[in-house]
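In: kindly return the folded structure for what I paste below:
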Amino acid sequence: MTIPKSDELKDKKRKLNTEKRTNNFTIYFPYLLENVVSLKKYVFILNYFSAFEKLLILRLYAILQQPSEVTKKMIALLKKITLYFFQSFIQCERKYRASRRPKIKKELSMPENLQAILLAGGKSNRFNTQKTKLTEKICGKEMILYPLDLLSRMNIPTTIVVGFEKEKVLDVISQHNIKNISIAAQQEQLGTGHAVAITKHLWTKNHILIINGDIPLMTADVIQKLYNKHIKADADISFATAHSLDDANDSYCRIVINDNKIRVIERRDENLDMEAQCCVSVGIYIMKKSFLETYIDSLKPSQLTNEFYLPELIQIASNEHCKIITTPISFDLARNVNTLAELWVVEHIKRSQIISYWMQHGVRFAHTLNIIIDADVILEPGVFIGSGAHLLGKTTIKKNANIGAFSYIESSTIEENAKIKPHVVITKSTIGQNAIIQSFSQINYEQVLPAPKKAINKSTSPLFTGAIKDDLDSSPML
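Out: Predicted structure coming up:
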């Protein structure tokens, strides 16, 4: 029996059509090289190989069983064969490891010709709280942080325009160490158009993304889609639209398109049919820098409020026959928060998104409608969350832990297989593996480890009497 030449070996290897067998061979081949003298131990592996691969393995085995017959030429050939399959093994091993990694959705990274202006200077009059709405928390996270984190993850340099209670807004930003942003102060709150105009000296990119600071449900996909259409069409101004038939809500300017002309209605017009003006602008724009420089000073103050409104630029672009692109998106993603009722709606949607995400990753919820969970909470597969539970702050609950109904857990770590019974309060603490926390316990700033299990004498163990009683001695009394 002769061993094929090196070139013949490569040709035959290229002709193997079954990638699965090739992968199996390259994965198991190193083990065969290391243990070739005891091939009987690995006979079952031969079933994974082609006839040619089996021939190579058996021939190698025969050569190494008779070292006296091994010549220098054979050793050189053996080295070539080993090198060839080792290189294939490395390639297949990389593919294998890549396929086993969890598929984490990567944030989209925008090109370098785009910058963002985040509008966060309004007075929040409709909140009726006499304070800024942007520091109100949604699922444990300040509202202004949602768009800031989104833009930061997309690597878009951002200018944030602050005004009313700017110290509170800037304090929240500084606490979270958000980078790649610059600050512009709007001394007088004269509308969104005025807020953009005062950033004129900071326009350094060819395209400018303008987004409201009260859109916490916005996603990177929407911005990417809008940007792609804007660039492809070489538009002067592009903006996102959604459909809303709520005629009582005048938080959005309505867009009416007739004969390729756009009419912008900043306030609800009772004389028009709602079906004709159901399309609204949701406060996300991408504009060419040249367009903004030409027309930003053309904005006129509103006769009702004496403020300058940014959506008027859409009307100007239509009148000047500039190229305009619209991108329809889901209204839920574009919901602004202008009242406490809208804050309640948005928080419900955000919480539903969080719970849905964790259910897809192996977490079971007893009742999703009354569970409170914050955005920074981390849950691992196999966790069970009882009805009415509150999971707040930077809480981490590890594999197979059980959280009882109406438990309150804040900024704590629950280790694997721990059991938290109903009506327990845990704050900034760590609960160890297999620990059991009894009902109505309160734990603050502590670390609880499970008590050692006691052996039970089967001859003296109590008989089952129809009721199940917890063995309190096997758990820490709190």
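In: domains in this structure, by residue range?
Out: Following automatic domain parsing, one gets these domains for the chain: 6-100, 114-328, 361-474.
In: these two touch, right, residue 154 and residue 221?
Out: No. Judged on Cβ atoms under 8 Å, residue 154 makes no contact with residue 221 at a distance of 10.6 Å. C-beta coordinates here come from the backbone N, C-alpha and C atoms, glycine included.
In: between those two, point out the one with more neighbours.
Out: Between residue 154 and residue 221, residue 154 has the larger neighbour count (other Cβ atoms under 10 Å), namely 19 against 13.
In: least confident secondary structure element in the chain?
Out: helix 19-34 (a mean of 46; mean pLDDT, DSSP states H and E).
In: and the closest residue to residue 382 other than its chain neighbours, how far from residue 286?
Out: Counting by Cβ to Cβ, 6 or more residues apart in numbering, residue 400 is the residue found nearest to residue 382 once chain neighbours are left out, at 4.0 Å. Counting by Cβ to Cβ, to the nearest Å, the gap from residue 400 to residue 286 is 47 Å.
In: cool, residue 414 as well?
Out: 44 Å.
In: neighbours around residue 372, how many?
Out: 15.
In: pLDDT wise, what is the residue nearest to it when sequence neighbours are not counted at?
Out: Setting aside the residues directly before and after it, residue 372 is nearest to residue 390 in space (Cβ to Cβ, 6+ apart), at 4.5 Å. Note for residue 390: predicted pLDDT of 96.
In: quick one, what contacts residue 390?
Out: By Cβ atoms under 8 Å, 6 or more residues apart in numbering, residue 390 lies in contact with 371-372, 407-410.
In: all strands for the stretch 151-300 of the chain, in order.
Out: Taking DSSP state E, counting those that start in this stretch as the test, the strands found in the stretch 151-300 of the chain are 158-162, 181-185, 207-212, 237-243, 254-258, 261-265, 279-288.
In: export the ones you listed to JSON lines and tack on distance to residue 441?
Out: Output for the strands of the stretch 151-300 of the chain, formatted as JSON lines (distance: least, Cβ to Cβ, whole Å):
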{"stretch": "strand 158-162", "distance to residue 441": "44"}
{"stretch": "strand 181-185", "distance to residue 441": "43"}
{"stretch": "strand 207-212", "distance to residue 441": "45"}
{"stretch": "strand 237-243", "distance to residue 441": "47"}
{"stretch": "strand 254-258", "distance to residue 441": "55"}
{"stretch": "strand 261-265", "distance to residue 441": "58"}
{"stretch": "strand 279-288", "distance to residue 441": "47"}
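In: go through those and name the closest to residue 340.
Out: With Cβ to Cβ, the closest approach to residue 340 among the strands of the stretch 151-300 of the chain belongs to strand 207-212: 17.6 Å.
In: who does that closest one touch, helix- and strand-wise?
Out: Contact partners of strand 207-212 among helices and strands, from 3 or more Cβ pairs under 8 Å, 6 or more residues apart in numbering; DSSP states H and E: strand 114-120, helix 145-153, helix 220-233, strand 279-288, helix 289-295.
In: show me what the longest one is packed up against.
Out: Under the contact criterion of 3+ Cβ pairs under 8 Å, 6+ apart, helix 220-233 touches helix 145-153, strand 207-212, strand 237-243, strand 279-288, strand 324-328.
In: out of those, nearest to residue 334?
Out: strand 279-288 (3.5 Å).
In: could I get the average pLDDT for that closest one?
Out: Rounded mean pLDDT across strand 279-288 is 86.
In: against which helices or strands is it packed?
Out: strand 207-212, helix 220-233, strand 237-243, strand 254-258, helix 312-319.
In: thank you kindly, that will do.
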